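Participant: The following block contains a protein sequence and its predicted model.
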Amino acid sequence: MEELFTENLDRNATGNDMRKLAINMDKRFDSVDRRFDAVDRRFDATDRAINELRHDMNEGFNRIEYRLTHHLINNVGWMIATNIAVFGTVIASLAFLSSYSK
């Protein structure tokens with residue numbers, strides 16, 4: 001506690017000494033307030049950075065999800081179309097072979 005005071009005041013401190021002490025304490029409290037403000041600004045900056053990172057991650061996941069589902073749906077469509085074409089070719093070949101063998 002003594003380190004807060006720049007002067008050692010005795011029991012018979014005058015009003016002038018008390019005024020100096022009050023000014024010194026006000027300066028020290030202002031310094032502490034500035035430090036807390038700096039810490040608050042750092043937390044705010046960190047919070048903003050985390051929110052931006054979370055937003056970017058969500059956008060990235062949404063793009064990945066869209067590409068996977070979009071391409072998967074397209075691939076399933078191509079697989080179905082290919083199977084229909086192969087099945088049609090097999091039926092046409094069987095029809096040709098059955099008519100050729102008669």
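Facilitator: Everything's here; your move. From a predicted model like this one, the values you see are computed outputs, not experimental measurements.

Participant: Within the helices and strands, which one has M57?
Facilitator: Per DSSP states H and E, M57 falls inside helix 15-101.

Participant: what distance separates stretch 76-87 from the middle of the whole chain?
Facilitator: In terms of C-alpha atoms, centre = their mean, to the nearest Å, the centre of stretch 76-87 is set 42 Å apart from its chain centre.

Participant: So for it, mean pLDDT?
Facilitator: In this model, stretch 76-87 has a mean pLDDT of 86.

Participant: Also stretch 33-52?
Facilitator: Here the average pLDDT along stretch 33-52 is 88.

Participant: Now do the helix holding M57: which elements does it pack against?
Facilitator: Helices and strands touching helix 15-101, as assessed by 3 or more C-beta pairs under 8 Å, 6 or more residues apart in numbering; DSSP states H and E, are absent. For every residue, glycine as well, the C-beta is placed using N, CA and C.

Participant: For A22, grab the count of nearby residues.
Facilitator: For A22, the neighbour count with other C-beta atoms under 10 Å is 10.

Participant: Quick check, pLDDT for it.
Facilitator: For A22, pLDDT reads 79.
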